[in-house]
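**Q** What follows is a predicted structure for the sequence shown.
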Amino acid sequence: MSETLQGSCHCGAVRFEVVTPVEPAARCNCSLCRRKGALMTPPFPEANLRILSGKDDLTLYQFNTRQAQHYFCKHCGIYPFHASRMMPGMWRANIGCLEGVDPYALEYSVSDGQKHSVVEDA
């Protein structure tokens, strides 16, 4: 069930709202996601994400195929959301950034992003 959720990075510079369910939650085993360890929402359309403040405080990181767009707060380094590589036009949010949601209470699956990488170690 989709609901409107408020979210922010750690320092609060980036604030956003997103309309999405939080389950089924997912992790990814690609080299970036494995290192950042975030639990992600299911994919949602870009129109469901609204940056409330701090758009200029975001920095973009891309690697491998440069299709996915991983955004981070340039002050605290937290990843609040990204545009999907495997599902163009779809986004995922970091559940740990969402207010009122306990990421440790959710079950999750692991997406095999490593298998879909173009570069062997990505």
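**A** Sure thing, it's come through. Residues are numbered from 1 along each chain as shown.
**Q** Spell out the residue ranges of the strands in this structure.
**A** Taking DSSP state E, the strands of the chain run over residues 3-8, 15-20, 25-28, 44-45, 49-53, 58-61, 69-73, 81-83, 90-93, 108-111.
**Q** need the contact list for residue 108.
**A** Going by CB atoms under 8 Å, 6 or more residues apart in numbering, residue 108 touches 24, 25, 26, 27, 39. Bear in mind the C-beta positions are built from the backbone N, C-alpha and C, glycine included.
**Q** what's across from the third one in the sheet?
**A** Following DSSP bridges, residue 26 is listed with bridge partners residue 40, residue 109.
**Q** Tell me, how many residues neighbour it?
**A** Neighbour count of residue 26, defined by other CB atoms under 10 Å: 20.
**Q** so where is this structure shaky, pLDDT-wise?
**A** Residue ranges of the chain with pLDDT under 70: 112-122.
**Q** still on that earlier bit, show me which of the contacts of residue 108 is closest to residue 10.
**A** Set against residue 10, the nearest of these by CB to CB is residue 39 (15.4 Å).
**Q** Counting neighbours, what do you get for the closest one?
**A** Here the number of neighbours of residue 39 (other CB under 10 Å) works out to 19.
**Q** next one: residue 4
**A** With other CB under 10 Å as criterion, residue 4 counts 10.
**Q** In this structure it contacts residue 16, no?
**A** No: taking contacts as CB atoms under 8 Å, residue 4 lies outside contact range of residue 16: 10.9 Å.
**Q** residues of stretch 25-34 that come out buried?
**A** 25, 26, 27, 28, 30, 31, 32, 33 (16 or more other CB atoms under 10 Å).
**Q** Farthest-apart pair in those residues, please.
**A** 25 and 31 (20.4 Å).
**Q** that older thread, switch the contacts of residue 108 over to a markdown table; also include distance to residue 8.
**A** Output for the contacts of residue 108, formatted as a markdown table (distance: CB to CB, whole Å):
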| residue | distance to residue 8 |
| --- | --- |
| 24 | 23 |
| 25 | 19 |
| 26 | 21 |
| 27 | 21 |
| 39 | 16 |
